[in-house]
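**Q** Take a look and give me a structure for this.
(2 chains)
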Amino acid sequence: MMNYIVALILGVFFGFALNKAGLTKYHKIVNVFRFTDMAVLQFMMTALVVSMSGLYILRGLGLVTFPVVPATYIVGNLLGGLIFGVGMALSGYCPGTCAAGAGEGKLDYIVPGLLGFLAGAAIYGLTYQQVFPAISAIANYGNVVMPDLWNLNPYLMVLLFALMSLFLFYMIDRAGWQRKDMLKDE
Amino acid sequence: MKFILNYLHKEVWSPYVAGILLGLVGIAAVWISNSLLGASGAFENLVGLIGKAVAPAAFDNMYFNFIMPPGITTSVILIVGIFFGGMIGAASSGTLKWGAKDTANSDHQWKRIFGPQTWKRWLVAFVGAIVLEYAAGIAGGCTSGLAISGGMLLAPAAFLFIAGMFASGIVTALIIYGKRY
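**A** Next up, the predicted model:
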């Protein structure tokens, strides 16, 4: 029961953050691929820097243990990402933003979105045996994190990631990596 | 105090502020329940439930019996939470759309590029959603379950996924927007 209450509360804050970042709007998602609004990238990278630093520090202090790390199987992760990007650019959703957008009461999130995800899940589950075992067997490194895989200091990696993100934010906000959107003038 | 309240009522926040909030949620998930955030798995749990009721023979396979057993899992509850979180967020800025007109094709940019027809938006969004969920299955998670949750633990899988997602997203946008990219 406690697990369910925690999941519900985490979900509410997650959905709230997605809404406030503007990611429950079609144009916000698609425009990151047009380089005219980089909010998706800024939002994701900020979340990563915060959670990464927090979790590695908490683990260092012995306050948390990591849950099972998402598995690395190079071809599947990359191929999945490649297919995923097509779906994002077509629909302007991710599974999470679609659920949050549905909560806002938008019909084009509630009907084609939620039904599409259910249909996709059914098709995936019914073809799983023919597809997944073969793909995930290629270059499979298991449930690994980069500091362990390459024997690097984890704090140094987190710091490098944070610096890289700050550099990226600077380029987006100050150095013109975000294009002016010509559509706005039409 | 007034500033904070005003900010809560804003429709769109700085992506950095919203990102800090998401980062804290990611930490809380691990710290409190030793779990990771994720959205795509919930649809697999849910469709298993529906499938086993409607077509039990077809859904009696390895995947729906053992890999993603159907049921109201914590992933499903999390996505219910996301639904209400979106609702509360929109309510706080007065942009809630329940019962409003013109939400069947809700985005001004979409309408400008592809026109006002609802069927077109719904067809493309439906196909897109199928593609997203299938891809998340192959990759081992979606933007939240793999990119954010894996990335914050420094899993290589997350960064491979993000690289693929941006590469094909850019190419797809180039193709469908054409001259108006």
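**Q** Isn't residue A:18 up against residue A:103?
**A** No: counting by CB atoms under 8 Å, residue A:18 does not reach residue A:103; the two are 9.7 Å apart. In short, each C-beta sits where N, CA and C put it, glycine included.
**Q** which neighbours do these two share?
**A** B:82, B:85, B:86 (CB atoms under 8 Å, 6 or more residues apart in numbering or on different chains).
**Q** Residue B:129 against residue A:117, yeah?
**A** Yes: using CB under 8 Å, residue B:129 makes contact with residue A:117 at a distance of 5.0 Å.
**Q** can you list residues touching both of those two?
**A** By CB under 8 Å, 6+ apart, residue B:129 and residue A:117 have these common neighbours: residue A:98.
**Q** Please dump the shared contacts of residue A:18 and residue A:103 into JSON lines; it should also carry neighbour count, distance to chain A and secondary structure for every row.
**A** Formatted as JSON lines, those follow (neighbours: other CB atoms under 10 Å in any protein chain shown; distance: CB to the nearest CB, whole Å; DSSP: H, G, I helix; E, B strand; the rest coil):
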{"residue": "B:82", "neighbour count": "34", "distance to chain A": "4", "secondary structure": "helix"}
{"residue": "B:85", "neighbour count": "28", "distance to chain A": "2", "secondary structure": "helix"}
{"residue": "B:86", "neighbour count": "34", "distance to chain A": "3", "secondary structure": "helix"}
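**Q** elements contacting the helix ranked longest in chain A?
**A** Longest helix of chain A, by residue count under DSSP state H: helix A:107-137. Packing partners of helix A:107-137 (3 or more CB pairs under 8 Å, 6 or more residues apart in numbering or on different chains; DSSP states H and E): strand A:72-73, helix A:74-91, helix A:95-103, helix B:40-54, helix B:118-139.
**Q** And the residue nearest the centre of chain B?
**A** For chain B, the residue nearest the mean C-alpha position is residue B:39 (6.0 Å; CA atoms, centre = their mean).
**Q** I'd assumed residue A:40 was in contact with residue A:29.
**A** Yes: between residue A:29 and residue A:40 a contact is recorded at 6.2 Å, counting by CB under 8 Å.
**Q** shared neighbours, the two?
**A** Common neighbours of residue A:29 and residue A:40 (CB under 8 Å, 6+ apart) are residue A:23.
**Q** Low-confidence ranges, the chain, go.
**A** No chain in the question, so chain A it is. Along chain A, segments meeting pLDDT under 70 span A:185-186.
**Q** In TSV: the shared contacts of residue A:18 and residue A:103, plus pLDDT and distance to residue A:136.
**A** Converted to TSV, the shared contacts of residue A:18 and residue A:103 look like this (pLDDT from 0 to 100; distance: CB to CB, whole Å):
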residue	pLDDT	distance to residue A:136
B:82	98	27
B:85	98	32
B:86	98	32
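**Q** If we go by neighbour counts, what in the longest helix of chain A is buried?
**A** For helix A:107-137, the neighbour count (16 or more other CB atoms under 10 Å in any protein chain shown) marks A:107-114, A:116-122, A:124-126, A:128, A:132, A:135-136 as buried.
**Q** ok now it, how far from the chain's centre?
**A** Between the centre of helix A:107-137 and the centre of its host chain there is 17 Å, according to CA atoms, centre = their mean, to the nearest Å.
**Q** Tell me which helix or strand comes right after it.
**A** Note on helix A:107-137: by DSSP states H and E, the next helix or strand toward the C-terminus is strand A:140-142.
**Q** Domain ranges for chain B, per the record?
**A** Chain B breaks down into these domains under automatic domain parsing: B:1-97, B:105-181.
**Q** what about the shortest one, how long is it end to end?
**A** Domain B:105-181 stretches 21 Å from its first residue to its last (CA to CA, to the nearest Å).
**Q** quick check: mean pLDDT across it?
**A** Averaging pLDDT along domain B:105-181 gives 96.
**Q** And the nearest residue to residue A:165 once chain neighbours are set aside, how far from residue B:22?
**A** Setting aside the residues directly before and after it, residue A:165 is nearest to residue A:45 in space (CB to CB, 6 or more residues apart in numbering or on different chains), at 4.5 Å. Residue A:45 is 11 Å from residue B:22, where distance means CB to CB, to the nearest Å.
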